[in-house]
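Asker: Have a look; sequence and predicted model below, questions after that.
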Amino acid sequence: MKPRTIIMFSFLSLLLVACALLRVLITRQVDGSIALMYPDQKYLLYRVVPLIAAIIVGSGLGVSGMGLQVLLRNPLASPWILGLSSGAGFGVMVSMFLEHTYATPVIGGQSGGAIVGALLSLSLVYLLSRRRGGIDPMTMVLVGVVISVLFGAGIMILQHSVPMGLRGSFTTWLMGSLPEVEAWWKLGVFGAVTLFGIVLVSFWGPTLDAACLSDDEATSVGVNLPSIRVRLFIVSSILAAIGVMLAGPIAFVGLIAPHGARLLFGGSHRSLVVATAITGALLLVCADDIRQLIDIGSGRLPIGIVTSIIGGLVFLGLLLRNRGRI
């Protein structure tokens, strides 16, 4: 590993540790002022849980976005291009609708609904974008957009059909929010699966380098494009689904993190995957820090709004820096 790469990895890791420590120490006083202090033991859990969730979700979304950009050969690809967000959102809305309207218990609750919705959307995208020889990237993009629109229409129908109070719960989830209370076993399972996915994609690094070439060039160096595309689709989808189940729809992390990592580390995917995971975690933890400092009178902003603002500004900066080319 080159000395510059080691220095950049160390810098990003230290920055992530600093932002994580800041998340634990930020305290809002009774008079509304901000102070940095170690919280009482009874409040510590409510800061550590969202911090761990932010690291899991941010790193997973970052690597998921990078995998989809390689899969689709599209620098604007992100986890939501597959309709995953709207599918999971529709599943959550259905579970909430059944529980509140008909008092019907749903197995797994909102998390179960998110899993079913995500699996349904991913299955539709995969089946409809297959062709002889594997997945067609262009067809996958088009199918993902259509699936997203259809599930989005289903969400709006459910929002229109429920009482006004429940619409607030729908809207809150769709804004994206890190859980302050979550079962440790769930965080452990999601964290382990995310880590395994990151290691697996990093192991495929040289193959991903070749997969970025044209089909003929990639095939000539021994890359099985249909196989790597299916593997990337499965792993990227699982990582994105974990993010949706833990935090709801979080925008721009899966799009910005890979580009930020490429600016710092270049294009070798073996190191780029790890750098993207750290960058994604850093983006989401920083966004959580920022939202702790902002209170517009109705409580702290949902983290999905903060990531949208930060991501939009960063994306515009990238466009201007490259004169319209990412």
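Answerer: Nice, I can see it.

Asker: all contacts plus neighbour counts: C-alpha atoms, from now on.
Answerer: OK.

Asker: Which residue, neighbours along the chain excluded, lies closest to the residue nearest the centre of the chain?
Answerer: Nearest residue to the geometric centre of the chain (Cα atoms, centre = their mean): Leu61, 3.0 Å. Sequence neighbours aside, Gly254 is the residue nearest to Leu61 in space, at 4.8 Å (criterion: Cα to Cα, 6 or more residues apart in numbering).

Asker: what sits against that neighbour?
Answerer: Gly254 makes contact with 58, 61-66, 78-79, 280 under the criterion Cα atoms under 8 Å, 6 or more residues apart in numbering.

Asker: Go again with 6 Å.
Answerer: The contact partners of Gly254, taken as Cα atoms under 6 Å, 6 or more residues apart in numbering, are 61-62, 65, 78.

Asker: ok, Val145 - how many residues close by?
Answerer: For Val145, the neighbour count with other Cα atoms under 10 Å is 16.

Asker: again, but for Met164
Answerer: Met164, neighbours per other Cα under 10 Å, totals 10.

Asker: what separates it from Thr171, distance-wise?
Answerer: As judged by Cα to Cα, to the nearest Å, Met164 and Thr171 stand 11 Å apart.

Asker: any chance of the contacts of Gly254 in TSV, with pLDDT too?
Answerer: As requested, the contacts of Gly254 are exported to TSV (pLDDT from 0 to 100):
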residue	pLDDT
Leu61	93
Gly62	93
Gly65	90
Ser78	80
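
Asker: List just the nearest of those residues to Ala261.
Answerer: Ala261 lies nearest to Gly62 out of these, by Cα to Cα, at 9.6 Å.

Asker: circling back: the residue nearest to Leu61 belongs to a strand?
Answerer: No: counting by DSSP: H, G, I helix; E, B strand; the rest coil, Gly254 is not found in a strand; it is helix.

Asker: in which helix or strand would I find the residue nearest to the centre of the chain?
Answerer: Using DSSP states H and E, Leu61 sits within helix 41-72.

Asker: Packing partners of that helix?
Answerer: The criterion is 3 or more Cα pairs under 6 Å, 6 or more residues apart in numbering; DSSP states H and E, and the helices and strands that helix 41-72 contacts are helix 225-247, helix 253-265, helix 269-292.

Asker: Of all those, which one is nearest Leu12?
Answerer: In terms of Cα to Cα, the element of the helices and strands packed on helix 41-72 nearest to Leu12 is helix 269-292, at 7.0 Å.

Asker: How about residues contacting that closest one?
Answerer: Residues from elsewhere that reach helix 269-292 (Cα under 6 Å, 6+ apart): 16, 23, 54-55, 58-59, 62-63, 202, 205, 257-258, 261, 301, 306.

Asker: wait, Ser236 sits on Ser64?
Answerer: Yes: contact status for Ser236 versus Ser64: in contact at 4.2 Å, counting by Cα atoms under 6 Å.

Asker: returning to what we had before: tell me what angle the helix holding Leu61 forms with helix 253-265.
Answerer: With axes from the mean of the first three to the mean of the last three Cα atoms, to 10 degrees defining the directions, helix 41-72 sits at 80 degrees from helix 253-265.

Asker: Buried ones in helix 41-72, by neighbour count?
Answerer: Going by neighbour count (16 or more other Cα atoms under 10 Å), the buried part of helix 41-72 is 45-72.

Asker: Now do the very next helix or strand once past it against helix 225-247, angle only.
Answerer: Going down the chain from helix 41-72, the next helix or strand is helix 84-101, by DSSP H and E. Between helix 84-101 and helix 225-247, the angle comes out at 40 degrees (the same axes, to 10 degrees).

Asker: What's the mean pLDDT across stretch 125-143?
Answerer: If you average the pLDDT over stretch 125-143, you get 77.

Asker: cool, and stretch 19-30?
Answerer: On average, stretch 19-30 scores 85.

Asker: List of residues touching that stretch?
Answerer: 34-38, 47, 289.

Asker: can you pick the most crowded of these?
Answerer: When neighbours are counted by other Cα under 10 Å, Asp289 leads the contacts of stretch 19-30 with 21 neighbours.
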